[in-house]
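S.K.: just coords:
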């Protein structure tokens, strides 16, 4: 039963997550945290941070890790397959239509209508992660990491996000463990 649950937990976000990884993350969080209870929001945010620090698509990294934690190597394989299966099937089935209609105004309008929904889902997830950080690490640590990483490092000094992620991981290892 766990294998079927793993498949569904990553298959549905793959189908509904229009826009790639950022759109899928809140959907994966809902499945993993709310529906199946495999992780807490704090654990999910740690997996998300770890996944963001590694190269490659975030949804497949998370599916592999969570699948492995729940059901070993086979669970990881099922999770990764389930996260890419919707795209793979649709890409193979609709490649001709996609190429034919890619510049159609209806397709561009659909994309424009979906973007705000994705932005709202990412905003809600950010608020949840901020709340969990506040409850786990305290206001001082959360404010420092938010101000330092978002405002100073990324905004003012224009440091590459990969370096900011590594610095946040090092900071967390020394000061939050």
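M.R.: All right, it came through fine. Small disclaimer: the values here were computed from a predicted structure and weren't measured.
S.K.: now this protein, which segments are flagged as low pLDDT?
M.R.: 19, 177 (pLDDT under 70).
S.K.: report the longest helix in it, please.
M.R.: Longest helix in the chain by number of residues (criterion: DSSP state H): helix 58-101.
S.K.: that one: what's the following helix or strand?
M.R.: Heading C-terminal from helix 58-101, the first helix or strand you meet, by DSSP states H and E, is helix 105-137.
S.K.: for the next helix-or-strand element following that following helix, which helices and strands make contact with it?
M.R.: Where DSSP H and E defines the elements, the next helix or strand beyond helix 105-137 is helix 139-145. Packing partners of helix 139-145 (3 or more C-beta pairs under 8 Å, 6 or more residues apart in numbering; DSSP states H and E): helix 105-137, helix 161-175. In this view, the C-beta of every residue, glycine as well, is placed from N, C-alpha and C.
S.K.: just checking, what packs against the longest one?
M.R.: Meaning helix 105-137. Right, helix 105-137 is packed against helix 21-29, helix 41-52, helix 139-145 by 3+ C-beta pairs under 8 Å, 6+ apart.
S.K.: ok, now with 6 Å
M.R.: Counting contacts by 3 or more C-beta pairs under 6 Å, 6 or more residues apart in numbering; DSSP states H and E, helix 105-137 packs against helix 21-29, helix 41-52.
S.K.: what residues are up against the residue minimising distance to the centre of the chain?
M.R.: When C-alpha atoms, centre = their mean is applied to the chain, the residue found nearest the centroid is residue 25 (3.1 Å). Listed by C-beta atoms under 6 Å, 6 or more residues apart in numbering, residue 25 has no contact partners.
S.K.: quick one: it from residue 123, how far?
M.R.: 12 Å (C-beta to C-beta, to the nearest Å).
S.K.: residues contacting the most far-flung residue of the chain relative to its centre?
M.R.: The C-alpha centroid of the chain is most remote from residue 100, which lies 30.5 Å away (C-alpha atoms, centre = their mean). If you count contacts by C-beta under 6 Å, 6+ apart, residue 100 has none.
S.K.: picking up where we left off before, format the helices and strands packed on helix 105-137 as TSV; extra columns: distance to residue 15.
M.R.: Shown next, in TSV, are the helices and strands packed on helix 105-137 (distance: least, C-beta to C-beta, whole Å):
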stretch	distance to residue 15
helix 21-29	9
helix 41-52	20
